[in-house]
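# let me see the structure of the following:
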Amino acid sequence: MKRGRLPLTALRSFEVAARHSSFTQAAAELFISQAAISRQVRDLEALIGCPLFERRHRAVVLTAAGQELRVTLTASFDSIGDCLDRLRSTDEQPPLIISCEPSFASCWLMPNLADFQRRYPGIDLDIDTDRRFYEFRGRDPAIAIRHSETQSRWPRVESRPLCTTRLTPVLSPALLRDGEALQRPEELLTYPLVHEERRDVWGQWFAAAGITAPAAAQRGLVYAEGGLTLQAALRGQGVVLSDDRLASDALARGELIRPFALSIPFGAYWLVARRFVTLPPSGESFLAWIEGHFR
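This is a model prediction of the structure:
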């Protein structure tokens, strides 16, 4: 097909719908109606002469032809975007946007950012604590820091490990009865247990300690993320399972203590970007800095 006849608007709509496997999400990304997405995709299918999606109940699935076209278009649009970014005036360096897990942002990144600013005073950072998955296009962050218990890869992006996570009990020394150190792991069952996101992780720690935890171990406060559980521990609300990296400042100041050295594995933090080789110099500097802290 001659370049002058390429249906660029329809191709863009199809590519976004194909990435999301959703006409609704494509419409939201492009700020047009779902009906417009559907019409443009149908016009493109009529032009090509074959279906690009299988329409199912409340879902669309790419056909073989659709998958082939999506791969080509995504790579092409990404290449165009990268070229425009390189050609754009560099008189004023835009802020580097980092998307970060909320607990990691508040408990590790924020306390250490003074070091980054001292080393790279010319780089401005915007820290985004939204947990949504990003395609790293347009106004999306350049780099994301994500935690997962099991996942190490995400669709259409690159990832590399930052650090593993291990959980260990921490609590305020003011919570200890009579100020005496705990002697046996089962003594923790006499204290309030604070949970992050769900109530089954304490059972894993007790199992590693050789203890069958009673149902009471699944009771207590549940917070949505680790930064809040650490605040709960600091305020004496109970004992928290925390990554000692995130609790390191409070442990060093004596505001929290680790009653037992036993820890359990709990996934890892990952650095995620669309393509690491296309990051701007500011992004490369950030990666070198943060990876240097975890070597």
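# quick one, phi/psi of the residue nearest to residue 244 when sequence neighbours are not counted?
Leaving aside its sequence neighbours, residue 244 sits nearest to residue 168 (C-beta to C-beta, 6 or more residues apart in numbering; 5.7 Å). (C-beta placed from N, C-alpha, C; glycine too.) The phi/psi pair for residue 168 (degrees, to the nearest 10) reads phi -140, psi 150.
# which ones are touching residue 168?
Residue 168 makes contacts with 205, 241, 242, 244, 258, 260, 261, 262, 263, 264, as judged by C-beta atoms under 8 Å, 6 or more residues apart in numbering.
# so for the least confident helix or strand in the chain by mean pLDDT, what gets flagged as buried?
Lowest by mean pLDDT, DSSP states H and E among the helices and strands of the chain is helix 64-87, with a mean of 85. Residues 66, 69, 70, 73, 74, 77, 78 are the ones in helix 64-87 that count as buried (16 or more other C-beta atoms under 10 Å).
# likewise stretch 266-280?
By 16+ other C-beta under 10 Å, the buried positions in stretch 266-280 come out as 266-274, 276, 278-280.
# same deal with stretch 8-15?
The neighbour-count check on stretch 8-15 (16+ other C-beta under 10 Å) flags 10, 11, 13, 14, 15 as buried.
# give the other helices and strands that the helix or strand hosting residue 112 contacts.
Applying DSSP states H and E as the criterion places residue 112 in helix 110-119. Under the contact criterion of 3 or more C-beta pairs under 8 Å, 6 or more residues apart in numbering; DSSP states H and E, helix 110-119 touches strand 125-128, helix 281-293.
# in the longest one, what counts as buried?
The reference is to helix 281-293. Result for helix 281-293 [16+ other C-beta under 10 Å]: buried residues 282, 283, 285, 286, 287, 289, 290.
# partner residues bridging the residue nearest to the fifth one when sequence neighbours are not counted?
If the residues on either side of it in the chain are set aside, residue 287 comes closest to residue 271, at 6.6 Å by C-beta to C-beta, 6+ apart. Assessed by DSSP bridges, residue 271 has beta-bridge partners residue 145, residue 160.
# check residue 196 too.
Going by DSSP bridges, residue 196 forms beta bridges with residue 223.
# contact partners for it?
When contacts are counted by C-beta under 8 Å, 6+ apart, residue 196 touches 222, 223, 224, 225, 226, 228, 229, 240, 241.
# phi, psi of the third one?
To tie it back to what came earlier, the one meant is residue 224. The phi and psi torsions at residue 224 (degrees, to the nearest 10) take the values phi -70, psi -20.
# mind listing what it touches?
Going by C-beta under 8 Å, 6+ apart, residue 224 touches 196, 197.
# how about the first one?
Neighbouring residues of residue 222 by C-beta under 8 Å, 6+ apart: 194, 195, 196, 197, 198, 199.
# change it to 7 Å
By C-beta atoms under 7 Å, 6 or more residues apart in numbering, the contact set of residue 222 is 195, 197, 199.
# any weak-confidence spans in the protein?
Filtered on pLDDT under 70, the chain yields the residue ranges 85-86, 88-92, 137-139.
# can I see the domain layout of it?
If you go by automatic domain parsing, the domain ranges for the chain are 3-87, 96-163+268-293, 165-267.
# rewinding a little: export the contacts of residue 222 to TSV and tack on distance to residue 254 and neighbour count?
TSV is the format used below for the contacts of residue 222 (distance: C-beta to C-beta, whole Å; neighbours: other C-beta atoms under 10 Å):
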residue	distance to residue 254	neighbour count
195	24	21
197	28	12
199	29	15
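# name the nearest of those residues relative to residue 50.
Relative to residue 50, the closest of those is residue 197; by C-beta to C-beta it sits at 44.8 Å.
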